[in-house]
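> Mind looking at a prediction? Sequence and model below.
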Amino acid sequence: MNDLNHSNSPAEPVDVEPAKKPSNHPQSLQIVANPKRTARGKSMAEPKLTRVAFKVSRLMEFCSERELQNQTGHSLYDWLLVVGKELVDNALDACEEAEVAPDITVIVELGTIIIQDNAAGIDTETIKSILDYTIRVSSREAYVSPTRGAQGNALKTILAMGYVLDRKIGSNANAAGITIIETRGVKHQIEFRVDHINNQPKIIHTTAKSQVKVGTKLTIKWPPNDGLLEYAEDQFKRLIEAYAWFNPHLTLRGVWFGSEFINVKATDPDWEKWRPRNPTSPHWYDEARLQRYLAAHVARDRDLGRCRTVREFIAEFRGLSGTAVQRKILAEVGCSHQSLAQFFGVEQVNRVGIAKLLGAMRKYSKPVAPKHLGVIGIGHLKQRFLAAGGNPETFKYQCRKGMTSDGIPYIVEFAFGLHQSGLSRDGVAISRKFVTGANWSVGINNPFRRFGSTGEGLENTLAKVRANASQPVICALHLASAYIQYADRGKSSIILTDDVEQPDD
């Protein structure tokens, strides 16, 4: 007991009291903390915290640096690249839907990023739906087809980026992200702010007249003192330039702080590829994908108060527009004159019926040959290679077409050669130029990290032929496919399952 009184620091007073005497055991002493006492000497319990279940709006997922990184799959140092990629993708898609050869201008100035196209423009209702952060809007959602993107939240994240950067730099509670969309003679100014009481975005949308009658001009106010422009300048220019490699029908101009860094004309304005308005093929769906596609149609029809039939749904697929083949499918599945909602299932999903429908649609249609996806071609890629300073005698091109084990068509095109500086003893060697992308879009990072049964990626393959990052080589790799799986939100890694034997030398 004497040891208890030799503490080196003050302690709570203690009481020594006999413990309750257990049966058949000798009496022992128990040390207990002296509880707080009131003036009358009665003990008083410590106050307890009653936890409250707060409601936190999911809309705030767009309003912080961390959440935007989760949404985009990229850190804020790459956000300028995200803006360039997503908006050029959207502009290309819009032009192809309008069936015009794309003519796109990208301008970066102090405090603004501008991207303008020559498509059909955006209607006011579509812009309003973009501003609704309770839903995701995408014309690519649920479809399986060769497409540049399908997440449906690109513009929502871009609208919020200016706010997040403005608040991060200035620590200003009144921070705002300002985006201007000029289209069809209307100027839409959108201010993205946050209601910190209700913890959700606060959008201020005003309109005025605009001189832009054709296409869309999109201006994003970018905080001028964040240092991100300077950090991402070289990579941003390379990203924009790379679009000219994979889109022969594209006329592209890029300006950085008044200095033009690219100005190229389309090599083939009439170039044919799989366009957004082309019907999809039933051979590109499995049961899970078709169920998702059906569910999206049923939900949209419900919102519009529409009652679509199974026949109408079938007619949207490639090779199934004829009434005779539709009758055969309906009879085989047993859903003639049935609405799509009834067929899908009211209380539970009609998985058996969906499987039968998929089988019948495949039976009465032909798979799409890879060539219909769209071949960029040796002529266009060689022209871009020479414009980049490539030596014509070293240029090599390979094109591989095929079908995966799931019946998905694909085309892989690879162009490779030496930069002219690599053949000159007196010249200064230029490091490798590396252009990669999928479905006519450009990767912010190399998406071909792993492929085939070997698990090797493009970097390892190039290293085997001594084409590492320090060598003056120019190479471009493009994949077109009806179904591409990305391993992450940032679309920086493609999951490739087709087995490819890698060269040893």
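Cool, got the structure.
> On the strand side of things, show who residue 415 bridges to.
Note on residue 415: beta-bridge partners residue 397, residue 476, judged by DSSP bridges.
> Contact partners for it?
378, 381, 382, 384, 385, 395, 396, 397, 474, 475, 476 (CB atoms under 8 Å, 6 or more residues apart in numbering). Bear in mind the C-beta positions are built from the backbone N, C-alpha and C, glycine included.
> and with 7 Å instead?
Contact partners of residue 415, counting by CB atoms under 7 Å, 6 or more residues apart in numbering, are 381, 385, 397, 475, 476.
> Ok, residue 293 next?
Listed by CB under 7 Å, 6+ apart, the contact partners of residue 293 are 142, 143, 285.
> now with 8 Å?
142, 143, 144, 285.
> okay, those in JSON lines with distance to residue 372 next?
Shown next, in JSON lines, are the contacts of residue 293 (distance: CB to CB, whole Å):
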{"residue": "142", "distance to residue 372": "21"}
{"residue": "143", "distance to residue 372": "16"}
{"residue": "144", "distance to residue 372": "15"}
{"residue": "285", "distance to residue 372": "17"}
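> which among those residues gets closest to residue 360?
When these are compared for distance to residue 360 (CB to CB), residue 285 comes out closest, at 12.7 Å.
> wait, that closest one sits on residue 145?
No - judged on CB atoms under 8 Å, residue 285 makes no contact with residue 145 at a distance of 10.2 Å.
> sorry, back to before: which one of the contacts of residue 415 is nearest to residue 130?
So of the contacts of residue 415, ranked by how close each gets to residue 130 (CB to CB), first place is residue 476, at 33.1 Å.
> Quickly list the domain ranges of the protein.
Domains of the chain are assigned by automatic domain parsing as 58-264, 282-363, 370-495.
> for those domains, which one sits closest to residue 44?
domain 58-264 (36.6 Å).
> next one: the closest one to chain centre, how far?
Centre-to-centre, domain 58-264 and its host chain are 13 Å apart (CA atoms, centre = their mean, to the nearest Å).
> mind listing the strands in the stretch 351-500 of the chain by residue range?
396-403, 409-418, 433-438, 441-442, 473-481, 485-486, 494-495 (DSSP state E, counting those that start in this stretch).
> More neighbours: residue 285 and residue 145, which one.
Comparing residue 285 with residue 145 by other CB atoms under 10 Å, the one with more neighbours is residue 285, at 25 against 21.
> Give the buried residues for stretch 121-129.
Using 16 or more other CB atoms under 10 Å as the test for burial, stretch 121-129 gives 121, 122, 127.
> Now pLDDT too, for those, in a markdown table please.
A markdown table is the format used below for these (pLDDT from 0 to 100):
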| residue | pLDDT |
| --- | --- |
| 121 | 95 |
| 122 | 93 |
| 127 | 90 |
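> Return the member of those residues nearest to residue 200.
Checking these against residue 200 with CB to CB, the nearest one is residue 127 at 19.5 Å.
> Spit out the contact partners of the nearest residue to the closest one once chain neighbours are set aside.
Among residues not flanking residue 127 along the chain, residue 188 sits closest, at 5.6 Å (CB to CB, 6 or more residues apart in numbering). By CB under 8 Å, 6+ apart, the residues touching residue 188 are 124, 127, 180, 181, 182, 205, 206, 207.
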